[in-house]
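Participant: Just a sequence and a predicted model for now, questions to come.
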Amino acid sequence: MAILQILEFPDSRLRKIAAPVTVFDARLHDLIDNMLETMYEAQGIGLAATQVNVHKRLLVLDVSEEKNSPQVFINPEFQVIDREPKEYDEGCLSVPGFYEAVSRPKAIKVDSLDRDGAPFQIEAEGILAVCIQHEIDHLDGKLFVDYLSTLKRQRIRQKLEKEHKKTA
Ligand code: QAP
Ligand code: CO
């Protein structure tokens, strides 16, 4: 297993659109395991392949208290089942140190493939629904800061760019 490097806003590679996964082999399983290890090590609850510079449609998450319930979604798609907007304080491993309120539909139905390519469907609400929508956004080159005001987004970008200059 290995810890992967996580791209940080405003890296332009976070804007790429990911392509569907077509091959379910040992290499994919290695990537999934490495993404889970990277997410746990960074104390995240969700990680999309885009964030580790792999532009394929897969994401991992674990929203459990005990951090013992890894979930993998490949080529996920969702439908809204309750459009009632629900606000949640979101963060992102690619936007370290920043949390802001974002509104998203309250409940969704997700169609996905598992790590072996078998289809499954779940309904999600609460933090799981937030996390899945946030991670699918990554696969489409979208970040939670895109939902904020231009002023807030530019402030976050400036602060992170300063950090990157220090540590580059
Ligand atoms: C997305 O976010 C999410 O700033 C996953 O310093 C967020 O795992 C879904 C993290 C909120 C639902 C609700 C962020 C770790 C982790 C940071 C994360 C940080 C360290 C964010
Ligand atoms: Co994120």
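Facilitator: On my side now, so go ahead. Ligands and ions are numbered 1, 2, ... in the order given.
Participant: all contacts plus neighbour counts: C-alpha atoms, from now on.
Facilitator: Fine.
Participant: Contact partners for residue 45?
Facilitator: Going by Cα atoms under 8 Å, 6 or more residues apart in numbering, residue 45 touches 39, 61, 62, 63, 131.
Participant: hang on, I meant residue 8
Facilitator: Per Cα under 8 Å, 6+ apart, neighbours of residue 8: 14, 51, 93, 94, 95, 96.
Participant: Run the contact check for stretch 152-167 versus ligand 1.
Facilitator: No. For stretch 152-167, no contact with ligand 1 is found by Cα under 6 Å from any ligand atom; the gap never falls below 11.3 Å.
Participant: Now tell me what touches that stretch from outside.
Facilitator: Residues contacting stretch 152-167 (Cα under 8 Å, 6+ apart): 9, 10, 95, 98, 145, 146.
Participant: For ligand 1, tell me which of the residues you listed show up nearby.
Facilitator: 95, 98.
Participant: Mind putting the contacts of stretch 152-167 into TSV with neighbour count, secondary structure and pLDDT?
Facilitator: What follows is the contacts of stretch 152-167, written out as TSV (neighbours: other Cα atoms under 10 Å; DSSP: H, G, I helix; E, B strand; the rest coil; pLDDT from 0 to 100):
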residue	neighbour count	secondary structure	pLDDT
9	22	coil	98
10	18	coil	98
95	19	coil	98
98	14	coil	98
145	23	helix	98
146	11	helix	98
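Participant: With distance to residue 168 added, can I get the contacts of stretch 152-167 in JSON lines?
Facilitator: Conversion of those to JSON lines gives the following (distance: Cα to Cα, whole Å):
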{"residue": "9", "distance to residue 168": "14"}
{"residue": "10", "distance to residue 168": "14"}
{"residue": "95", "distance to residue 168": "16"}
{"residue": "98", "distance to residue 168": "20"}
{"residue": "145", "distance to residue 168": "23"}
{"residue": "146", "distance to residue 168": "25"}
